[in-house]
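1. next come a sequence and a model predicted from it.
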Amino acid sequence: MRRTAIVYDPFNLRHTLEGHPENFRRLKGTVELLEDDGILERLISVASTPASLDAIARVHTHSYLERLEIITGRGGGHLDADTYVNSDSFEAALRAAGGLINLVDAVLWKQAANGFALVRPPGHHALVQNGMGFCIFANVAIAARHAQRRHGVQRVMIVDFDVHHGNGTQDIFYNDPSVLFISTHQFPYYPGTGAATEMGVEGGHGTTVNIPFPPHVGDQGYLEAFQKVLAPVARRFKPEMILLSAGFDAHWMDPLASMGLSITGYMALVNELMTLADELCGGRLICVLEGGYNLQVLSHSVVSTFRMLRGDALPPSDPFGPAPSTERDVAALISRLRLLHGIRDTSQHTLPSRWMDLGDEFGI
Ligand SMILES: [Zn+2]
């Protein structure tokens, strides 16, 4: 059994807007299910504290921080059409980033083997100079920079399986070869970015990997992309830690998107990442909450993720089962992505090559 840590701060519930899909109930219901399940008491609780302004300023501009302080000071407003701010949002956003930073510290100091930061507001759409798409601070990017500056970590891999493209994270590291960003997302879809040809610039060319999926790619297509694109790129990059932008809105029941993942399918992806983390970076996998707007799906997904991280013998908590729709075959897309990213060597695969050929044929 692994020592798995959690960060949760009730203050994050105060950032909320009635009628908005990204509201306090997402976190409240999730923590209640963790309690009812009994797993919560078996997790290492990491304290939540506000991130320092220095830590935030490694990613965001001072003028954005000042503007945010003014908006919250006058009771709230909007950063864009989708992104609300209330009087507690600045503090809540500081604690979301700070909680994740504390979790990174706990794992890098070996107080925990891995963990999950149950924080909000989410972060992966946030831009250097503004919030966007329900996100205020780029939590995962701030945590990656913290690991580099405070712990001397050289190479960080960020995986983003939220159904939306993590445009903010991509932008922040687009020219940076020290951070590998790999995103699976519905495409074309909000926010519009994330084409396969967006691969980074300058020294960072090749350390941005976009896996743009048409709607209704289900468990098999996602797993194939992780095994045939994500894993070989990760092995080439040799990360010292893996951060996961864990959005559960690619589930087939999510109201905001049209993908076909099940909770069991999501957990197969977490399992792949754990295996890679064991192989490449001492098991250091740190998850942070992004999207997920069906509250039941979200809470069961988080419980299941904690079971995976701990190595519990229990199966995923998946009362909803697989998608009723037929899964899309993405073999052609995956072949194209492998070509684009120069993935040729299949020696890392455990299956004999003739089996891999059969796999290609059947799109598995
Ligand atoms: Zn999302």
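-> Right, received. Where do you want to start?
2. going by C-alpha atoms from here, please, whenever you check contacts or count neighbours.
-> Noted.
3. got the contact list for residue 268?
-> residue 223 (CA atoms under 8 Å, 6 or more residues apart in numbering).
4. which element, helix or strand, includes it?
-> Using DSSP states H and E, the secondary-structure element containing residue 268 is helix 263-281.
5. so how far is that helix from its chain's centroid?
-> 13 Å (CA atoms, centre = their mean, to the nearest Å).
6. which residue does the stretch 201-350 of the chain have closest to the ion?
-> Checking the stretch 201-350 of the chain residue by residue against the ion with CA to the ion singles out residue 291 as nearest, at 4.2 Å.
7. that residue: what secondary structure?
-> Three states are possible here, and by DSSP: H, G, I helix; E, B strand; the rest coil the one that applies to residue 291 is coil.
8. how about the closest residue to it other than its chain neighbours, what does it touch?
-> Among residues not flanking residue 291 along the chain, residue 247 sits closest, at 4.2 Å (CA to CA, 6 or more residues apart in numbering). Contact partners of residue 247, counting by CA under 8 Å, 6+ apart, are 160-163, 289-292.
9. got JSON lines for those, with neighbour count and pLDDT too?
-> Converted to JSON lines, the contacts of residue 247 look like this (neighbours: other CA atoms under 10 Å; pLDDT from 0 to 100):
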{"residue": "160", "neighbour count": "26", "pLDDT": "99"}
{"residue": "161", "neighbour count": "27", "pLDDT": "98"}
{"residue": "162", "neighbour count": "24", "pLDDT": "98"}
{"residue": "163", "neighbour count": "30", "pLDDT": "98"}
{"residue": "289", "neighbour count": "27", "pLDDT": "99"}
{"residue": "290", "neighbour count": "31", "pLDDT": "98"}
{"residue": "291", "neighbour count": "29", "pLDDT": "98"}
{"residue": "292", "neighbour count": "27", "pLDDT": "98"}
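10. going by neighbour count, list what's buried in stretch 176-188.
-> Using 16 or more other CA atoms under 10 Å as the test for burial, stretch 176-188 gives 176-188.
11. which among those gets closest to the ion?
-> When the buried residues of stretch 176-188 are compared for distance to the ion (CA to the ion), residue 185 comes out closest, at 8.7 Å.
12. which of the helices or strands spans that closest one?
-> Taking DSSP H and E as the definition, one finds residue 185 inside strand 179-186.
13. restricting to C-alpha, output that strand in PDB.
-> What follows is the C-alpha trace of strand 179-186 in PDB, where atoms were taken according to Å, rounded to 0.1, in the frame of the first residue of the first chain:
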ATOM      1  CA  VAL A 179       8.400  20.900 -19.100                       C
ATOM      2  CA  LEU A 180       6.700  18.300 -21.300                       C
ATOM      3  CA  PHE A 181       3.000  19.000 -21.700                       C
ATOM      4  CA  ILE A 182       0.800  16.300 -23.100                       C
ATOM      5  CA  SER A 183      -2.900  16.800 -23.500                       C
ATOM      6  CA  THR A 184      -5.800  14.600 -24.600                       C
ATOM      7  CA  HIS A 185      -8.900  16.600 -25.500                       C
ATOM      8  CA  GLN A 186     -12.000  16.900 -27.600                       C
END
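14. that strand pairs with which strands?
-> If you go by DSSP bridges, strand 179-186 pairs up with strand 156-160 (parallel), strand 208-213 (parallel).
15. from the buried residues of stretch 176-188, which is closest to residue 258?
-> Minimum distance to residue 258 across the buried residues of stretch 176-188 is 7.7 Å, recorded for residue 186 (CA to CA).
16. how about that closest one, what does it touch?
-> For residue 186, the contact set (CA under 8 Å, 6+ apart) comprises 163-165, 212-215, 257-259.
17. and the host helix or strand of residue 223, how far out from the chain middle?
-> Mapping residue 223 onto the secondary structure by DSSP H and E places it in helix 219-225. The chain centroid and the centroid of helix 219-225 are separated by 17 Å under CA atoms, centre = their mean.
18. what lies in contact with it?
-> Among residues not part of helix 219-225, those counted as contacts by CA under 8 Å, 6+ apart are 211, 260-262, 265-266, 268-269, 327-331, 334, 363-364.
19. just the closest of those residues to residue 308, please.
-> When the contacts of helix 219-225 are compared for distance to residue 308, the smallest value, 9.3 Å, is given by residue 268; criterion: CA to CA.
20. check contacts around residue 189.
-> Counted by CA under 8 Å, 6+ apart, residue 189 has contacts residue 164.
21. any idea which element it lies in?
-> Taking DSSP H and E as the criterion, residue 189 maps to no regular element, lying outside all helices and strands.
22. I'd assumed residue 121 was in contact with the residue of the stretch 201-350 of the chain closest to the ion.
-> No. Contact status for residue 291 versus residue 121: not in contact, 9.5 Å apart, counting by CA atoms under 8 Å.
23. give me the common contacts of the two.
-> Counting by CA under 8 Å, 6+ apart, the shared contacts of residue 291 and residue 121 are residue 22.
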